[in-house]
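Engineer: Provided below for reference: sequence and predicted model.
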Amino acid sequence: MRLTPTDRDRLLIFTAAELARARRARGLLLNVPEATALIADTVCEAARDGRRLMEAAALGASVLTEADVLPGVPDIVREVKVEAVFDDGTRMVVVRDPFGEDAGMGADAPGAVLAAERESVAPAGLVYVTVTNTSDVPVSITSHFHFFEVNSRLSFDRAVAYGMRLAIPAGAAKRFEPGEPTEAPLLPIGGARIAIGFAGLVDGPLDAPGAKAAALARAAEQGYLGASS
């Protein structure tokens, strides 16, 4: 049987997860590799079953509690990242605080980093837009998607969102429920500021002369809510 590197990694996760299940069934507390494998395997199987990304992440976060693992594990495993194959392709799933937000010893944990007190400063260029999902299903947007080009049924000021992304941790996603106005924090896209792909409304440098006006015109022609003044 010929296996790709991805197939081998998936089988390794599954094998480690099966070991974790067997040991948990015998009443043993799980260590870091066992807990990580079990969470990752749960996410991958949820994706295989046809679940959506946010559902898979939620299942991964619910499979274990602090009582299932050895002391110190919740302080080490603060998040689990795994690539899972969904019906619409491979996605990176990030399971944050898989044992609960309050799990672990926190600042008293061995090796914990004690940060100095500092004043919270808003990132440069931070803006907020009110987004209303006019469809009848939830819509999730990931951290680095060009927000101007998100789902056409999301209603908001597209001109303000041009060249912006969600101000949330990398790899995370924000969910917009049907009919519920939601405040979305946005930051300017960094780096070379070139938008290729997405919905195809820009496909080039964001700051090129006339690029914004042309993108707004395309969005309006294609029925994107909030693109017309």
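Structural biologist: Perfect, I can see it now.
Engineer: what sits against the spatially most central residue of the chain?
Structural biologist: Nearest to the geometric centre of the chain sits Ala172, at 2.4 Å (Cα atoms, centre = their mean). For Ala172, the contact set (Cβ atoms under 8 Å, 6 or more residues apart in numbering) comprises Val94, Arg96, Thr142, Ser143. For glycine as for every other residue, the C-beta is placed from the backbone atoms N, C-alpha and C.
Engineer: For Asp207, give its distance to Tyr162.
Structural biologist: According to Cβ to Cβ, to the nearest Å, Asp207 stands 10 Å off from Tyr162.
Engineer: Tell me which of the two has more neighbours.
Structural biologist: More neighbours surround Tyr162 than the other of Asp207 and Tyr162, with 26 against 12 (other Cβ atoms under 10 Å).
Engineer: Neighbours of the residue lying closest to the more buried one once chain neighbours are set aside, how many?
Structural biologist: Among residues not flanking Tyr162 along the chain, Phe148 sits closest, at 4.5 Å (Cβ to Cβ, 6 or more residues apart in numbering). Burial measure for Phe148: 30 neighbouring residues, criterion other Cβ under 10 Å.
Engineer: Distance check, Phe148 against Ala199.
Structural biologist: Phe148 is 9 Å from Ala199, by Cβ to Cβ.
Engineer: One more: Val82?
Structural biologist: Distance of Val82 to Ala199, given as Cβ to Cβ: 27 Å.
Engineer: neighbour count winner among these two?
Structural biologist: Ranked by neighbour count (other Cβ under 10 Å), Val82 and Ala199 place Val82 first, with 24 against 19.
Engineer: which residues touch the more buried one?
Structural biologist: Contacts of Val82 by Cβ under 8 Å, 6+ apart are Ile13, Ile39, Ala40, Val43, Cys44, Gly60, Met92, Val93, Val95.
Engineer: which strands and helices sit next to whichever helix in the chain runs longest?
Structural biologist: Once the chain is assigned using DSSP state H, the helix that runs over the most residues is helix 5-25. Applying 3 or more Cβ pairs under 8 Å, 6 or more residues apart in numbering; DSSP states H and E, one finds that helix 5-25 contacts helix 32-48.
Engineer: In contact with the nearest residue to Ile168 once chain neighbours are set aside, which residues?
Structural biologist: The shortest distance from Ile168 to any non-neighbouring residue, by Cβ to Cβ, 6+ apart, is to Ser143 (5.1 Å). Counting by Cβ under 8 Å, 6+ apart, Ser143 touches Arg165, Leu166, Ile168, Pro169, Ala170, Gly171, Ala172, Ala173.
Engineer: From Lys174, how far out is Ser143?
Structural biologist: Counting by Cβ to Cβ, the gap from Ser143 to Lys174 is 8 Å.
Engineer: shared neighbours of the two, which are they?
Structural biologist: Both Ser143 and Lys174 are contacted by Leu166, Ile168, under the criterion Cβ under 8 Å, 6+ apart.
Engineer: what are the phi and psi angles of the residue nearest to Tyr162?
Structural biologist: phi -60, psi -30 (degrees, to the nearest 10).
Engineer: quick one on the thing from earlier: using TSV, lay out the contacts of Val82 together with neighbour count.
Structural biologist: Shown next, in TSV, are those (neighbours: other Cβ atoms under 10 Å):
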residue	neighbour count
Ile13	19
Ile39	28
Ala40	25
Val43	29
Cys44	21
Gly60	26
Met92	12
Val93	23
Val95	24
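Engineer: Thank you, goodbye.
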